[in-house]
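Asks: got a sequence here, can you model it:
(one chain, ligands or ions: 2)
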Amino acid sequence: MVDCIFCRIVDGDLPSRTVYEDDSALAFLDANPLAPGHTLVVPKAHHERLDDLPDDLAADLLAVLYDLVPAVERAVDADAITVGFNDGAAAGQEVPHVHGHVVPRFEGDGGGP
Ligand code: 5GP
Ligand code: ZN
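Replies: Ligands and ions are numbered 1, 2, ... in the order given. Next up is the predicted model:
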């Protein structure tokens, strides 16, 4: 068993604000948001890196992202969305469970990668 924050959220052992859930994926609000509505999407199964994801889970995750991006944008009346994956520690991945960031963007916010 790995001790993983996002697995604990998936299992309901840690509280989170669920944005979307299906059989293979969970989306929830980031605890330290870069902007209002900053959402994380994770496969429910524990995989550390994108390259570890089986093809079907990768496809599911992308399909969820496609729906989540416009939904989050509308929900917080954002102007745009930045989607990002920190894939590996050197890229800034702090939680070793694949997760995509959906970050609402606002005209002139000056943020972004
Ligand atoms: P990373 O740097 O690994 O790409 O991003 C990890 C993200 O997870 C960060 O944006 C951080 O705020 C978020 N995070 C870390 N721990 C928790 C938690 O317990 N709950 C939630 N909702 N987000 C978390
Ligand atoms: Zn995990």
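
Asks: contacts for the longest helix anywhere in the chain?
Replies: Longest helix in the chain by number of residues (criterion: DSSP state H): helix 55-75. Residues outside helix 55-75 that contact it (Cβ atoms under 8 Å, 6 or more residues apart in numbering): 19-20, 22, 24-25, 27, 37, 39, 41, 43, 45, 47, 50, 53, 78-81, 83, 98, 100, 102, 104. Placement of C-beta: from N, CA and C, glycine included.

Asks: so does that helix get close to ligand 2?
Replies: No. Helix 55-75 lies out of reach of ligand 2 by Cβ under 5 Å from the ion, never closer than 12.8 Å.

Asks: let's number from 57 now, not from 1
Replies: Shifting the count to begin at 57 puts that one at helix 111-131.

Asks: now do that helix: distance to the chain's middle.
Replies: Relative to its chain's centre, helix 111-131 lies at 9 Å (Cα atoms, centre = their mean, to the nearest Å).
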